[in-house]
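In: I need the structure of the sequence given here:
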Amino acid sequence: MHVTYDALKQFTAEAFVHAGLSAEDAATGAEVLAMTDAWGIYTHGTKLLRGYLRRLKAGGLRAKERPVLAGEGLAWALVDGNSSLGMVTSVFAMQAAIRKARQCGIAYASVRNSCHFGAAGYYAWLAAQEGLVGLSMANDKPSVAAPGSRGGITGSNPIAYAVPAGKHRAILLDMSVATVAGGKVYAARTRGEKIPATWLVGGDGKPTTDPSGYPEVGALQPAAGHKGYGIALLIETLAGLLSGAGVTHGVGNWLWDDGTPPTNHGAAFIAVDTDAIMPAGKFTRRVEAMVDEIHNAPRVEGVDRIYVPGEMEWDRYDLAMKEGIQLPPDVVTSLQDAAKMTGLDLTDLAR
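Out: Next up, the predicted model:
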């Protein structure tokens, strides 16, 4: 299905309103999901709309609740999401971090009582859009093994950063601590395909190429082994332990349960105002120079360009704004389900 960005965002917002969200909160959720699709990250865009609608209908997400400041200091904030839509809570928290960083140079905002928040990179980008360095992260129900474990120890725990780069688009990295997204393993299971031995461990804790038992049996392998595991615990510390949110098995399964209980995901957001640390504009000029140096580095024969993180996504975004977004079949199927759940007409979405 070929769609415009604006049409996709409008459909998503209308679906959220139908599920009980205010027009403002629906617009926030739709912006996050549509932007993610425009970046070409289809696993975390409007494909997830169906799951959010299900939880809103069941009550695990509370459409009429709003995030609130549960505590704050000069350079920190604690946000209680009140089980509202995770994207709404996360935007609220990053905006708090940005506001406080402009006063103090650096600020941290933690979140409790939230849910799955989509793509971590969106919130880091919010800070970069304002000229600040941004970091965002969240915990999740365990699905990733630790070295030597026979099952999940941590969640896939995404972490993202964004750096304003002056004449260049913001440097933007969004990654999980797993070797591969769980959705790719599940898709291989659905298709009856084997997977690389680096993706999954079976019930015995050993690498397997058979995805047929996932997610009931086995766990994703951590990226770079003990390194990914170590980063996962850092995220668990800042997003879960320090926020008062659920930790490891205390986090609910937002996608696979019946949708009624709150999941109590945690999240954390950090903003750095570089102009508070060095003369205004100097940092951005240094980033520009670094990016130029990378672009001009010697390349392997046949390689036309060395990318910095985020450039591929920005290229896809520019193309999406110009020519529209080509949604993959699995995203279309999910949107068809969302249309049935809300009574909306999906045919109006296609170009």
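In: need the helices for the protein, in chain order.
Out: For the chain, applying DSSP state H gives helices covering 5-18, 23-38, 49-58, 86-104, 120-129, 182-191, 226-235, 282-295, 311-323, 329-342.
In: In CSV, list the ones you listed along with mean pLDDT and mean neighbour count.
Out: All C-beta spots, glycine's among them, are computed from the backbone N, C-alpha and C. Converted to CSV, these look like this (pLDDT from 0 to 100; neighbours: other C-beta atoms under 10 Å):
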stretch, mean pLDDT, mean neighbour count
helix 5-18, 97, 21
helix 23-38, 98, 22
helix 49-58, 98, 21
helix 86-104, 98, 23
helix 120-129, 98, 26
helix 182-191, 83, 16
helix 226-235, 98, 18
helix 282-295, 97, 15
helix 311-323, 98, 15
helix 329-342, 96, 17
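In: Make TSV out of these and add distance to Ala160.
Out: Below are the helices of the chain laid out as TSV (distance: least, C-beta to C-beta, whole Å):
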stretch	distance to Ala160
helix 5-18	21
helix 23-38	12
helix 49-58	20
helix 86-104	11
helix 120-129	4
helix 182-191	18
helix 226-235	11
helix 282-295	17
helix 311-323	11
helix 329-342	21
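In: For Asp258, which of these is the nearest?
Out: helix 49-58 (6.4 Å; C-beta to C-beta).
In: neighbouring contacts of the closest one?
Out: 12, 15-16, 19-21, 29, 33, 61, 63, 85, 115-116, 254-255, 258-260, 334-335, 337-338, 341-342 (C-beta atoms under 8 Å, 6 or more residues apart in numbering).
In: ok so, going back, mind checking the helices of the chain for the one nearest to Leu78?
Out: helix 86-104 (9.2 Å).
In: Check which helices and strands that closest one is in contact with.
Out: helix 23-38, strand 68-72, strand 76-80, strand 106-114, helix 120-129, strand 133-138, strand 265-272 (3 or more C-beta pairs under 8 Å, 6 or more residues apart in numbering; DSSP states H and E).
In: give me that answer again for 10 Å
Out: helix 23-38, helix 49-58, strand 68-72, strand 76-80, strand 106-114, helix 120-129, strand 133-138, strand 265-272 (3 or more C-beta pairs under 10 Å, 6 or more residues apart in numbering; DSSP states H and E).
In: Distance to Glu323 added to the ones you listed, as CSV?
Out: Shown next, in CSV, are these (distance: least, C-beta to C-beta, whole Å):
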stretch, distance to Glu323
helix 23-38, 11
helix 49-58, 23
strand 68-72, 41
strand 76-80, 38
strand 106-114, 35
helix 120-129, 22
strand 133-138, 29
strand 265-272, 33
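In: Quick one: closest of the ones you listed to Tyr214.
Out: Using C-beta to C-beta, those put helix 49-58 closest to Tyr214, at 17.8 Å.
In: now the angle from that closest one to helix 329-342?
Out: 30 degrees (axes from the mean of the first three to the mean of the last three C-alpha atoms, to 10 degrees).
In: So which of the helices and strands packed on helix 86-104 is nearest Ala320?
Out: helix 23-38 (4.1 Å).
In: Which neighbouring elements make contact with the closest one?
Out: helix 5-18, helix 49-58, helix 86-104, helix 120-129, helix 311-323, strand 325-326.
In: Next, format the ones you listed as CSV and append distance to Val217.
Out: Formatted as CSV, the helices and strands packed on helix 23-38 follow (distance: least, C-beta to C-beta, whole Å):
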stretch, distance to Val217
helix 5-18, 34
helix 49-58, 22
helix 86-104, 28
helix 120-129, 27
helix 311-323, 33
strand 325-326, 35
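In: between those, which gets nearest to Arg286?
Out: helix 120-129 (15.0 Å).
In: Show the contacting residues for Ala124.
Out: 94, 132-137, 159-163, 170-174, 269-271, 310 (C-beta atoms under 10 Å, 6 or more residues apart in numbering).
In: go with 8 Å
Out: So Ala124 contacts 134-136, 160-162, 172, 174 (C-beta under 8 Å, 6+ apart).
In: how near is Val331 to Leu200?
Out: Counting by C-beta to C-beta, to the nearest Å, the gap between Val331 and Leu200 amounts to 24 Å.
In: Bridged to the residue lying closest to Gly202 once chain neighbours are set aside, which residues?
Out: Leaving aside its chain neighbours, Gly202 sits nearest to Thr208 (4.0 Å; criterion: C-beta to C-beta, 6 or more residues apart in numbering). For Thr208, the beta-bridge partners under DSSP bridges are Leu200.
In: Could you report the neighbour count for Leu220?
Out: Neighbour count of Leu220, defined by other C-beta atoms under 10 Å: 28.
In: Beta-bridge partners for it, please?
Out: Here Leu220, judged by DSSP bridges, has bridge partners Val144, Leu200.
In: Could you report the pLDDT at it?
Out: We have a pLDDT of 97 for Leu220.
In: unless I'm mixing things up, it is touching Asp140, no?
Out: No. Judged on C-beta atoms under 8 Å, Leu220 makes no contact with Asp140 at a distance of 11.1 Å.
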